[in-house]
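Enquirer: Got a predicted structure plus its sequence, pasted below:
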Amino acid sequence: MATKTACEIMVTIEEYPHISYWFTLRQAVEKLEESTLEAHGKSSLPRALLVFDEQKRLLGIVRRRDILRGLEPKFLRTMSIHHRRELFNIEIDANLVDLSMGKIAHEMQTQAETPISEVMQPIVATVRHDDHLAKIIYKMLNRDVNLLPILKDDKIIGVIRSVDVFREIALMLHEKLPQ
(Lines give C-alpha, C1' and ligand atoms only; values in the text may rest on other atoms or scores of the structure.)
Protein backbone atom coordinates (compact mmCIF):
# COMPACT_ATOMS: atom_id res chain seq x y z
CA MET A 1 0.00 0.00 0.00
CA ALA A 2 1.41 3.36 -0.99
CA THR A 3 1.15 5.98 1.70
CA LYS A 4 -1.59 8.48 1.20
CA THR A 5 -1.29 12.22 0.83
CA ALA A 6 -2.76 14.83 3.11
CA CYS A 7 -5.67 15.58 0.77
CA GLU A 8 -6.65 11.90 0.75
CA ILE A 9 -6.86 11.77 4.55
CA MET A 10 -8.06 15.27 5.47
CA VAL A 11 -11.31 16.64 6.79
CA THR A 12 -12.36 19.46 4.46
CA ILE A 13 -12.39 22.99 5.79
CA GLU A 14 -16.16 23.15 5.25
CA GLU A 15 -16.69 20.07 7.44
CA TYR A 16 -14.46 21.09 10.34
CA PRO A 17 -16.10 23.24 13.05
CA HIS A 18 -14.91 26.81 13.25
CA ILE A 19 -15.67 30.15 14.89
CA SER A 20 -14.69 33.78 14.55
CA TYR A 21 -12.02 35.28 16.80
CA TRP A 22 -14.48 37.58 18.55
CA PHE A 23 -16.66 34.70 19.78
CA THR A 24 -16.65 34.13 23.54
CA LEU A 25 -15.51 31.07 25.47
CA ARG A 26 -19.20 30.37 26.12
CA GLN A 27 -19.91 30.31 22.38
CA ALA A 28 -16.88 28.09 21.78
CA VAL A 29 -18.14 25.59 24.36
CA GLU A 30 -21.56 25.59 22.69
CA LYS A 31 -19.99 25.06 19.26
CA LEU A 32 -17.88 22.14 20.49
CA GLU A 33 -20.89 20.59 22.23
CA GLU A 34 -23.03 20.71 19.09
CA SER A 35 -20.33 19.57 16.66
CA THR A 36 -19.58 16.08 15.44
CA LEU A 37 -17.32 14.97 12.64
CA GLU A 38 -18.11 12.18 10.23
CA ALA A 39 -14.92 10.82 8.73
CA HIS A 40 -14.09 7.43 7.28
CA GLY A 41 -17.37 5.94 8.45
CA LYS A 42 -16.89 7.01 12.06
CA SER A 43 -18.36 9.77 14.14
CA SER A 44 -16.19 11.72 16.56
CA LEU A 45 -16.18 14.88 18.62
CA PRO A 46 -13.71 17.59 17.62
CA ARG A 47 -10.93 18.38 20.08
CA ALA A 48 -10.53 21.90 18.75
CA LEU A 49 -12.13 24.67 16.75
CA LEU A 50 -10.52 26.61 13.94
CA VAL A 51 -10.53 30.38 14.51
CA PHE A 52 -10.99 32.72 11.54
CA ASP A 53 -11.04 36.48 10.95
CA GLU A 54 -13.54 38.52 8.92
CA GLN A 55 -11.81 37.65 5.63
CA LYS A 56 -11.98 33.91 6.39
CA ARG A 57 -8.23 33.75 7.12
CA LEU A 58 -7.22 31.13 9.64
CA LEU A 59 -5.81 32.84 12.73
CA GLY A 60 -5.43 29.94 15.09
CA ILE A 61 -6.86 26.94 16.84
CA VAL A 62 -8.62 26.76 20.17
CA ARG A 63 -8.45 23.41 21.92
CA ARG A 64 -10.69 22.15 24.70
CA ARG A 65 -7.86 22.63 27.21
CA ASP A 66 -7.37 26.26 26.05
CA ILE A 67 -11.04 26.89 26.78
CA LEU A 68 -10.77 25.22 30.20
CA ARG A 69 -7.70 27.31 30.98
CA GLY A 70 -9.57 30.44 29.92
CA LEU A 71 -12.53 29.56 32.14
CA GLU A 72 -10.33 29.12 35.19
CA PRO A 73 -11.27 31.79 37.75
CA LYS A 74 -8.69 34.54 38.10
CA PHE A 75 -8.46 34.08 41.87
CA LEU A 76 -7.30 30.48 41.33
CA ARG A 77 -4.56 31.54 38.91
CA THR A 78 -2.95 33.71 41.55
CA MET A 79 -3.03 31.05 44.28
CA SER A 80 0.02 29.00 45.06
CA ILE A 81 -0.07 25.33 44.13
CA HIS A 82 -0.17 24.49 47.85
CA HIS A 83 -3.31 26.59 48.40
CA ARG A 84 -4.97 25.18 45.29
CA ARG A 85 -4.42 21.64 46.54
CA GLU A 86 -5.90 22.51 49.93
CA LEU A 87 -8.92 24.12 48.30
CA PHE A 88 -9.81 20.85 46.57
CA ASN A 89 -8.53 18.44 49.22
CA ILE A 90 -11.64 16.57 50.34
CA GLU A 91 -9.65 14.71 53.00
CA ILE A 92 -9.08 17.98 54.91
CA ASP A 93 -12.70 19.12 54.80
CA ALA A 94 -15.29 18.08 52.23
CA ASN A 95 -17.26 21.27 52.98
CA LEU A 96 -14.38 23.41 51.69
CA VAL A 97 -14.91 22.04 48.20
CA ASP A 98 -18.66 22.68 48.38
CA LEU A 99 -18.16 26.22 49.65
CA SER A 100 -15.61 27.07 47.01
CA MET A 101 -17.61 25.57 44.12
CA GLY A 102 -20.21 28.35 44.28
CA LYS A 103 -17.51 30.99 43.94
CA ILE A 104 -15.76 29.00 41.22
CA ALA A 105 -18.98 28.54 39.23
CA HIS A 106 -19.72 32.27 39.46
CA GLU A 107 -16.20 33.18 38.31
CA MET A 108 -16.40 30.68 35.43
CA GLN A 109 -19.64 32.35 34.29
CA THR A 110 -17.78 35.68 34.25
CA GLN A 111 -14.76 34.22 32.44
CA ALA A 112 -17.07 32.64 29.83
CA GLU A 113 -17.46 36.09 28.23
CA THR A 114 -13.74 36.27 27.40
CA PRO A 115 -13.07 36.50 23.64
CA ILE A 116 -11.66 33.31 22.15
CA SER A 117 -8.78 35.36 20.70
CA GLU A 118 -7.33 35.61 24.21
CA VAL A 119 -6.88 31.84 24.60
CA MET A 120 -6.45 30.51 21.05
CA GLN A 121 -3.18 28.99 19.89
CA PRO A 122 -1.41 30.30 16.78
CA ILE A 123 -0.86 28.04 13.79
CA VAL A 124 2.62 26.59 14.27
CA ALA A 125 2.78 24.29 11.25
CA THR A 126 0.94 23.41 8.07
CA VAL A 127 1.27 20.71 5.43
CA ARG A 128 0.74 20.82 1.71
CA HIS A 129 -2.10 18.88 0.11
CA ASP A 130 0.37 16.55 -1.62
CA ASP A 131 2.57 15.84 1.44
CA HIS A 132 2.78 12.16 2.33
CA LEU A 133 2.01 10.48 5.62
CA ALA A 134 5.64 10.38 6.81
CA LYS A 135 5.99 14.15 6.53
CA ILE A 136 2.66 14.68 8.27
CA ILE A 137 3.72 12.44 11.15
CA TYR A 138 7.06 14.23 11.39
CA LYS A 139 5.40 17.65 11.61
CA MET A 140 2.86 16.50 14.19
CA LEU A 141 5.56 15.02 16.38
CA ASN A 142 8.08 17.80 15.83
CA ARG A 143 5.56 20.55 16.63
CA ASP A 144 3.61 18.54 19.24
CA VAL A 145 0.24 19.15 17.58
CA ASN A 146 -2.81 16.97 16.94
CA LEU A 147 -4.20 19.04 14.09
CA LEU A 148 -2.52 20.47 11.00
CA PRO A 149 -4.08 22.81 8.43
CA ILE A 150 -3.62 21.67 4.82
CA LEU A 151 -2.65 24.17 2.14
CA LYS A 152 -3.16 24.10 -1.61
CA ASP A 153 -2.04 27.13 -3.60
CA ASP A 154 -1.57 29.02 -0.29
CA LYS A 155 -5.22 28.46 0.62
CA ILE A 156 -6.42 26.29 3.51
CA ILE A 157 -8.50 23.44 2.12
CA GLY A 158 -8.78 21.22 5.18
CA VAL A 159 -7.18 19.82 8.29
CA ILE A 160 -5.57 16.55 9.18
CA ARG A 161 -6.08 15.16 12.66
CA SER A 162 -3.85 12.77 14.55
CA VAL A 163 -6.77 10.33 14.74
CA ASP A 164 -6.85 10.23 10.90
CA VAL A 165 -3.09 9.68 10.76
CA PHE A 166 -3.37 6.92 13.36
CA ARG A 167 -6.12 5.24 11.31
CA GLU A 168 -3.87 5.20 8.25
CA ILE A 169 -1.02 3.69 10.27
CA ALA A 170 -3.36 1.00 11.62
CA LEU A 171 -4.47 0.11 8.08
CA MET A 172 -0.86 -0.03 6.94
CA LEU A 173 0.16 -2.29 9.82
CA HIS A 174 -2.63 -4.75 9.00
CA GLU A 175 -1.21 -5.38 5.56
CA LYS A 176 1.20 -8.20 4.90
CA LEU A 177 4.69 -7.14 3.89
CA PRO A 178 6.10 -8.66 0.72
CA GLN A 179 8.53 -11.55 1.37
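Expert: Happy to help now that I have it. Numbers count the residues shown, from 1 in each chain.
Enquirer: Might you list the low-confidence residue ranges for this structure?
Expert: In the predicted model of the chain, residues 1-2, 40, 75-77, 79, 81, 83-101, 176-179 satisfy pLDDT under 70.
Enquirer: L49: which element?
Expert: Of the helices and strands defined by DSSP states H and E, L49 is found in strand 48-52.
Enquirer: For that strand, buried residues please.
Expert: Buried residues in strand 48-52, counted by 16 or more other C-beta atoms under 10 Å: 48-52. In this view, the C-beta of every residue, glycine as well, is placed from N, C-alpha and C.
Enquirer: which residues sit against it?
Expert: The list of residues contacting strand 48-52 from outside it, by C-beta atoms under 8 Å, 6 or more residues apart in numbering, reads 13, 16-21, 28, 31-32, 35, 58-64, 116-117, 120, 146-147, 149, 159.
Enquirer: List the residues that contact the closest residue to S35 other than its chain neighbours.
Expert: Nearest-residue entry for S35: P17, 4.0 Å, with adjacent residues in sequence omitted and distances by C-beta to C-beta, 6 or more residues apart in numbering. With contact set as C-beta under 8 Å, 6+ apart, P17 has these partners: 31-32, 35, 37, 46, 49-50.
Enquirer: follow-up on the earlier one: what about the contacts of strand 48-52, which are in strands?
Expert: 18-20, 58-63, 147, 149, 159 (DSSP state E).
Enquirer: ok, and for stretch 18-35, which residues are buried?
Expert: Judged by neighbour count (16+ other C-beta under 10 Å), stretch 18-35 contains these buried residues: 18-19, 21, 23-29, 31-32.
Enquirer: What is the nearest of the residues you listed to A112?
Expert: Distance ranking of the buried residues of stretch 18-35 against A112, using C-beta to C-beta, places R26 first at 3.9 Å.
Enquirer: okay but that closest one is in contact with A112, surely?
Expert: Yes - distance between R26 and A112: 3.9 Å, which falls inside the contact criterion (C-beta atoms under 8 Å).
Enquirer: before we move on, back to that, would you write a PyMOL line that selects the buried entries of the ones in strands among the contacts of strand 48-52?
Expert: Only the buried entries of the ones in strands among the contacts of strand 48-52 go into this PyMOL selection, using 16+ other C-beta under 10 Å:
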select buried, resi 18+19+58+59+60+61+62+63+147+149+159
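Enquirer: Between the ones in strands among the contacts of strand 48-52, which sits nearest M108?
Expert: The shortest distance between M108 and any of the ones in strands among the contacts of strand 48-52, using C-beta to C-beta, involves V62 and amounts to 16.6 Å.
Enquirer: right, and that closest one touches V119 too?
Expert: Yes - if you go by C-beta under 8 Å, V62 and V119 touch, sitting 6.2 Å apart.
Enquirer: Kindly reformat the contacts of P17 as TSV and extend each row with distance to D153.
Expert: As requested, those are arranged in TSV below (distance: C-beta to C-beta, whole Å):
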residue	distance to D153
K31	28
L32	30
S35	27
L37	25
P46	26
L49	24
L50	19
